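Chemist: how would this look folded up:
(2 chains, ligands or ions: 2)
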Amino acid sequence: MNPVPANGGDTGAPLIRLRGVTKSYGQGAAAFQALRGVDLDIEAGSFVAIMGPSGSGKSTVMNILGCLDTPSGGEYLFLGAHVERLTRDERARLRRRYFGFVFQGFNLLARTSALENVELPLLYRGEDAATRRAAAREALASVGLAGWEHHTPAELSGGQQQRVAIARAIVTRPRVLLADEPTGNLDTQRSHEIMQLVRALNAERGITVLMVTHEPDVAAYAGRVVHFVDGLIARDGPQAVTEAAGGDARAV
Amino acid sequence: MWWNALLLALRAIRRNLLRSFLTILGIVIGVSAVITMVTLGRGATQAVSDQISSLGSNLLMVRPGQRMGPGGGGFGAPPFKEADAEAIAGQIGGVRAVAPQVTSTVTVVYGANNWSTSASGVSADYFDISNWRLAGGRIFDETEERAGAAVCVIGATVRRELFGSEDPLGQSIRVKQFSCIVIGLLAAKGQGAMGMDQDDLVVMPLRTVQRRVTGNQSIRTLLVSMKDGVDSTQVQTGVTRLLRERRKLSAADIDNFNVLDTRQIAEAMSGTTRVMTTLLGAVAAVSLLVGGIGIMNIMLVSVTERTREIGLRLAIGALEYEVLLQFLIEAVALASLGGLIGVLLATVASFVLAQVMQVPYLFQPGINLMSFLFSAAIGVLFGYFPARRAARLDPIEALRHE
Ligand SMILES: Nc1ncnc2c1ncn2[C@@H]1O[C@H](COP(=O)(O)OP(=O)(O)O)[C@@H](O)[C@H]1O
Ligand SMILES: [Mg+2]
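Modeler: Ligands and ions are numbered 1, 2, ... in the order given. Down below sits the predicted model:
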């Protein structure tokens, strides 16, 4: 039933491969192409930042990468499996097994303790209560929130809420962490704390991180930066190149 | 999964306690109405059939006067004579026995106790025809009957009121101006359908009552019992024809007496209660339906309110059926809670109303269980559409929902 080979990743192909991916919204004359043929390979264990002007298709490509959406055309291979051919429920199974999500708006359940928020993904994996509890405590501890288990989102600061969200994303030990503007609602100080945490998860656990951001100093944590413009990849390169580009931009 | 969904549902219900309560009110009212109606209806039917069987089945009651309506009620119409009873017993086929009856309200006295009751003057056949059993002593014999002896058989209520724990057999009680020896005790029959006490009576030979109580020869009631397997309408027709003849009615005259068949009364009465039960049951069913719509409405509101939550659940890998189940279980939990409260309310209501309406309270496990399951089914029926809407949400759009 699982569309992904059990030995996942040892096929020689990259973890993620997009080939000629397009996405259009609407139909006929009103149709709008948000992605216009994207080719992208992402190796397991890499830390990739996606940048670009607003409306350039960053979120669209993230939704496709996270199997939340399907491309209108082209291929998406995840661990060698064709995601564009999967049904809604098959993609849900893929998400619960391999992906963790962090959102700009945190999206924690209100009036629900941090611990229960973090346990949520394990619920859909059919883990028993004791296992869930233990794993959630461990995840909260690993984002520096030991002792905050029983606080509800309303009792936590923005930075703490995003940490809970990260704990929720990693509690299932995912292969890929997807974060669409994770620091968009945080001040500079909190942003750096969150990014240090994400970098540590990437370095120490080998979690592949894909992150959308507007801020160059947040993107600076990534090893590779992909620039989108008008639904196409305009630039793609290692960090050093981007920093040079960022320098140019500031110089202007 | 199921257990977690149930916990989630209960939490959601608790969070909006007032709203949940208002939502299930329709179901509560519907369920309690259905159960109360059916319980009281069965109680009333039971009371009627008890009454009929205590009256004696296969029985015709003949009274002077037209059956009802203007001019009815027996006033003015000539009463019967003892000879009428003998004629019916002798000339109509299928008749087992005929008991003439005269009743009058009297005060009976024993020692310091007195009690107002009804005195019945009858023939000895009456005990058998009316299904009376004796708790002690004997009924009057033919000699006493013919002589109009001052003997009586008393009902359980009269016995309790006059004698308490004393043994009444052989004692004398005063009835009007004469004293009368208690020779028998009737076994209790209990309350009749209309709430009257059937055991509140003193039975004496017909002649005794005619001579010493009413002071005339007239007879107000003829009880005609029929042999088993006899067609009661045929006997009814025979009795009517014979009495018309004996009362010298011409073809143009209408009957100045009426013949009631107890079985017909029983059927008419239980028919009425059946119709009432069906009618009120239909009203209750409609209120259950309205309750279901209320649940659907509130579940749709709930799904809209929790769109972001649903989006999150779908994003982190909830399958469609898992989300569907969560909301379906919430709807069923709401509806069943309504059903449960309805069952409790109905138990209290039908118990109290049974006392007020003087019908027996019969707990009906069947209708209680059925109503509860029905309300759960309403939860499934009306919860399915909102739950499916939740399950089909697009996670991306749901997460963006404000
Ligand atoms: N559901 C949608 N329906 C119609 N247009 C959409 C939808 N989602 C995104 N778009 C359009 O696609 C383009 C790319 O959107 P998006 O990927 O969200 O950009 P961003 O790079 O700012 O994240 C935008 O012009 C946006 O208006
Ligand atoms: Mg975006």
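Chemist: alpha carbons only for contacts and neighbour counts from here, please
Modeler: Will do.
Chemist: wait, residue A:33 sits on residue A:27?
Modeler: No. Applying CA atoms under 8 Å as the test, residue A:33 and residue A:27 come out as separate, 10.2 Å apart.
Chemist: settle it for me: which of those two has more neighbours?
Modeler: residue A:33 (16 against 8; other CA atoms under 10 Å in any protein chain shown).
Chemist: what distance do you get for that one to residue A:13?
Modeler: To residue A:13, residue A:33 is 28 Å away according to CA to CA, to the nearest Å.
Chemist: how about residue A:166?
Modeler: Where residue A:13 is concerned, residue A:166 sits at a distance of 28 Å (CA to CA).
Chemist: which one's more surrounded, the two?
Modeler: residue A:166 (28 against 17).
Chemist: need the nearest residue in space to that one, chain neighbours excluded.
Modeler: residue A:102 (6.1 Å; CA to CA, 6 or more residues apart in numbering or on different chains).
Chemist: give me the neighbour count for that neighbour.
Modeler: Counted with other CA under 10 Å, the neighbours of residue A:102 add up to 24.
Chemist: for it, report the pLDDT, please.
Modeler: We note a pLDDT of 96 for residue A:102 in this prediction.
Chemist: need phi/psi at it.
Modeler: Per-residue torsions, residue A:102: phi -130, psi 130 (degrees, to the nearest 10).
Chemist: helices of chain B, residue ranges please.
Modeler: Applying DSSP state H to chain B gives helices spanning B:2-15, B:17-55, B:82-91, B:125-129, B:142-147, B:156-163, B:206-209, B:232-246, B:262-305, B:307-315, B:320-357, B:365-391, B:395-400.
Chemist: in TSV, list these along with mean pLDDT, distance to residue B:107 and mean neighbour count.
Modeler: Rendered in TSV, the data for these read as follows (pLDDT from 0 to 100; distance: least, CA to CA, whole Å; neighbours: other CA atoms under 10 Å in any protein chain shown):
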stretch	mean pLDDT	distance to residue B:107	mean neighbour count
helix B:2-15	86	65	15
helix B:17-55	83	24	23
helix B:82-91	88	26	16
helix B:125-129	87	22	18
helix B:142-147	90	22	14
helix B:156-163	92	11	19
helix B:206-209	92	13	25
helix B:232-246	89	34	17
helix B:262-305	84	30	18
helix B:307-315	96	80	24
helix B:320-357	93	28	22
helix B:365-391	93	45	21
helix B:395-400	94	85	18
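Chemist: now those helices in a markdown table, with distance to residue A:174?
Modeler: Shown next, in a markdown table, are the helices of chain B (distance: least, CA to CA, whole Å):
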| stretch | distance to residue A:174 |
| --- | --- |
| helix B:2-15 | 23 |
| helix B:17-55 | 38 |
| helix B:82-91 | 99 |
| helix B:125-129 | 89 |
| helix B:142-147 | 104 |
| helix B:156-163 | 85 |
| helix B:206-209 | 101 |
| helix B:232-246 | 87 |
| helix B:262-305 | 29 |
| helix B:307-315 | 14 |
| helix B:320-357 | 21 |
| helix B:365-391 | 24 |
| helix B:395-400 | 19 |
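Chemist: what's the closest of the ones you listed to ligand 1?
Modeler: helix B:395-400 (7.1 Å; CA to the nearest ligand atom).
Chemist: now for that closest one, which elements pack on it?
Modeler: helix B:307-315 (3 or more CA pairs under 8 Å, 6 or more residues apart in numbering or on different chains; DSSP states H and E).
Chemist: is the helix it packs on up against chain A anywhere?
Modeler: Yes. Residues of helix B:307-315 contacting chain A under CA under 8 Å from any CA of the partner chain: B:308-309, B:312-315.
Chemist: contacting residues around whichever residue of chain B sits closest to chain A?
Modeler: Residue nearest to chain A within chain B (CA to the nearest CA): residue B:317, separated by 4.3 Å. Applying CA atoms under 8 Å, 6 or more residues apart in numbering or on different chains, we find residue B:317 in contact with A:92-97, A:121, A:124.
Chemist: show me which of these are buried.
Modeler: A:92-97, A:121, A:124 (16 or more other CA atoms under 10 Å in any protein chain shown).
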